[in-house]
Each structure stands twice: as structure tokens, then as C-alpha cells.
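**Q** Okay, here's the prediction I keep looking at, along with the sequence it came from:
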Amino acid sequence: MDELTAGFALCGSHCTFSGAIPQMKALKAQGFSLIPIMSNAAYKTDTRFGKADDIKSQVEKICGREVIASIEDAEPIGPEKLLDIMIIAPCTGNTLAKLANGITDTSVTMAAKAHLRNQRPLLIAIATNDALSGSAKNIGQLLGTKNIFFVPFRQDDPMKKPRSAVAVFEQLPQAVFEALHGRQLQPILYS
């Protein structure tokens, strides 16, 4: 896989970075060239889960290049055909809604739009508290969209957050392999 390039985008579900970043390392270890992309919330927001600058530095060290964090810097991904696959991990409900409705107002949504124009796979690893309510229709719409695939997901805390779901991040490398072959990794829903 040393000839494959993956865009790896992080959105603002800071509590799931600890699940997503190890998968970035795993893909790098498998020989992928990685282009990091971060939403404004991921790129600039300090939280109890870490300082934005520390996370950005960690991602840049893993990928060996600077993070794309602007719409202008993300746009060439399409015309220059930079990626074999794009991964959004974590993908928030906000970004899901934008993807489902064609809204391109962040570095991540621009990168996804630019990448999809080349009819190459986009892999989504959701992390949203409203996956089984407000975001459900967007997940359904994207599941039926050509070249869009999902990392399998499950409810993360059914008793306290009954509508929340998070990707099974450990399944990301296998989901990448399947998406590169035009297949959705099954089962999509884990219990």
C-alpha cells in the first residue's frame, strides 16, 4: 500500500481523537502516505481532551506534513487528484449534515467535495450524540450515496446517551481496504 495516499480529516469530536489518531498511525505503518485535514473546531479549540496545538503537532508528526485547515488549501485535492481515499474520523453530526446537503464551508467539507468529484471513496467514522435522532436521516442519505462508506459504528452509552453513536475505530483499517475495493465493511451496526 506504499503507493496509496489517504486524506485523514478530523472534525471537532475531541473526545474521540484518542480513538481516531491511533488509526492514523496504523495506516501510516501500513505504508499509506497521509495528508492531514482538520476542521476549524479541531484545529483551534483547546478542550479537556487536549490543547489544539498539541493535537495539531501530533497529527503533523504522524503524517510528516502540515495540516490542511482552510477551504483554499483543501480545494486542490480534487483537481490535482491528490487522494486515493479520504477518511473523516471523527465525523461530527454537523459535518454529516453538511455532506448530506451539499454544504461546503469548512476545510473538511471542501476536501470531501473536491475528492468525491474524482469518484474515489470517502470513508466516514461517525461520532455524534444525535446519530439515532437528528443525524439519522443524514446517515441514511450518505449510506445510499455512491463512493461513500462508513466505518462500522455502535451506540457508545445507550443508557445515558440513547441516541449517540460512535465508530468502532479499530475497524477503520479494514474499512479502508473494503472502501478501496468499492465495498462497505459489514456489519455496519455493532451491538
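**A** Received it, and whenever you're ready, just let me know what you need. Residues are numbered from 1 along each chain as shown.

**Q** Residue 122 pairs with what?
**A** Under DSSP bridges, the beta-bridge partners of residue 122 are residue 86, residue 148.

**Q** Help me confirm that it comes into contact with residue 148.
**A** Yes. Contact criterion CB atoms under 8 Å: residue 122 and residue 148 qualify, at 5.0 Å. Heads up, the C-betas are built off the backbone N, CA and C, glycines and all.

**Q** Identify the contacts common to those two.
**A** Here residue 122 and residue 148 share the contacting residues residue 116, scored by CB atoms under 8 Å, 6 or more residues apart in numbering.

**Q** Among those two, which residue is more densely surrounded?
**A** Using other CB atoms under 10 Å as the criterion, residue 122 and residue 148 rank with residue 122 on top: 25 against 19.

**Q** Show the pLDDT at the more buried one.
**A** For residue 122, the pLDDT comes out at 98.

**Q** tell me the contacts of it?
**A** Neighbour list for residue 122: 85-88, 112, 115-116, 147-149, 179 [criterion: CB under 8 Å, 6+ apart].

**Q** Any chance of the residues you listed in CSV with pLDDT and distance to residue 191 as columns?
**A** Shown next, in CSV, are these (pLDDT from 0 to 100; distance: CB to CB, whole Å):
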residue, pLDDT, distance to residue 191
85, 98, 27
86, 98, 28
87, 98, 24
88, 98, 24
112, 98, 29
115, 98, 32
116, 98, 31
147, 98, 28
148, 98, 23
149, 98, 20
179, 98, 23
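
**Q** Which residue would you name as the spatial centre of the chain?
**A** Residue closest to the average C-alpha location in the chain (CA atoms, centre = their mean): residue 88, at 0.9 Å.

**Q** Double-check that that one belongs to a strand.
**A** Yes. Under DSSP: H, G, I helix; E, B strand; the rest coil, residue 88 sits within a strand.

**Q** Please name the nearest non-neighbouring residue to it.
**A** Distance criterion CB to CB, 6 or more residues apart in numbering; nearest residue to residue 88, sequence neighbours excluded, is residue 9 at 4.6 Å.

**Q** Work out for me the element the one you found sits within.
**A** Using DSSP states H and E, residue 9 maps to strand 5-10.

**Q** From the contact counts, what lies against that strand?
**A** On a contact count with 3 or more CB pairs under 8 Å, 6 or more residues apart in numbering; DSSP states H and E, strand 5-10 meets helix 17-29, strand 33-38, helix 52-63, strand 85-91, helix 107-116.
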